[in-house]
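J.: Just the structure for this:
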Amino acid sequence: MNTTIDVSGMSCGHCINVVTEELTAIAGVREVAVDLNSGGSSRVTITSELPLDPREISEAVTEAGYLVVANEA
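T.: Next comes the predicted model:
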């Protein structure tokens, strides 16, 4: 199952690592792929075994220091 989110504020490889680390800590997440757009919102695709709670995704991204600006299942 894939969930796609747009995240603002990411600008470098370190940003990708921090967001990936927080998202992979969510139970059931198998993979995180980031399409970095340092001038705007970066597209993040989360592959999981089961549907994910949008609040849990948002909390993980916020913990990493960024903001979810769009969330699509």
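
J.: What segments of the chain are strands?
T.: Taking DSSP state E as the criterion, the chain contains strands spanning 2-8, 29-35, 42-48, 67-72.

J.: So which of those strands is nearest residue 55?
T.: Nearest to residue 55 among those is strand 67-72; the distance by C-beta to C-beta comes to 9.9 Å. (Glycine included, C-beta is placed from N, CA and C.)

J.: residues contacting the spatially most central residue of the chain?
T.: When C-alpha atoms, centre = their mean is applied to the chain, the residue found nearest the centroid is residue 44 (4.9 Å). Listed by C-beta atoms under 8 Å, 6 or more residues apart in numbering, the contact set of residue 44 reads 4, 5, 6, 7, 19, 23, 32, 33, 34, 35.

J.: hmm, try it at 10 Å
T.: 3-7, 10, 16, 19-20, 23, 32-36, 57, 61, 66, 68, 71 (C-beta atoms under 10 Å, 6 or more residues apart in numbering).

J.: same question, residue 56
T.: Here residue 56 is in contact with 23, 25, 26, 27, 29 (C-beta under 10 Å, 6+ apart).

J.: Select, from those, the two members most distant in space.
T.: 23 and 27 (11.3 Å).

J.: any shared contact partners between these two?
T.: By C-beta under 10 Å, 6+ apart, the residues touching both residue 23 and residue 27 are 48, 52, 56.

J.: Apart from its chain neighbours, what residue comes closest to the second one?
T.: The shortest distance from residue 52 to any non-neighbouring residue, by C-beta to C-beta, 6 or more residues apart in numbering, is to residue 3 (5.3 Å).
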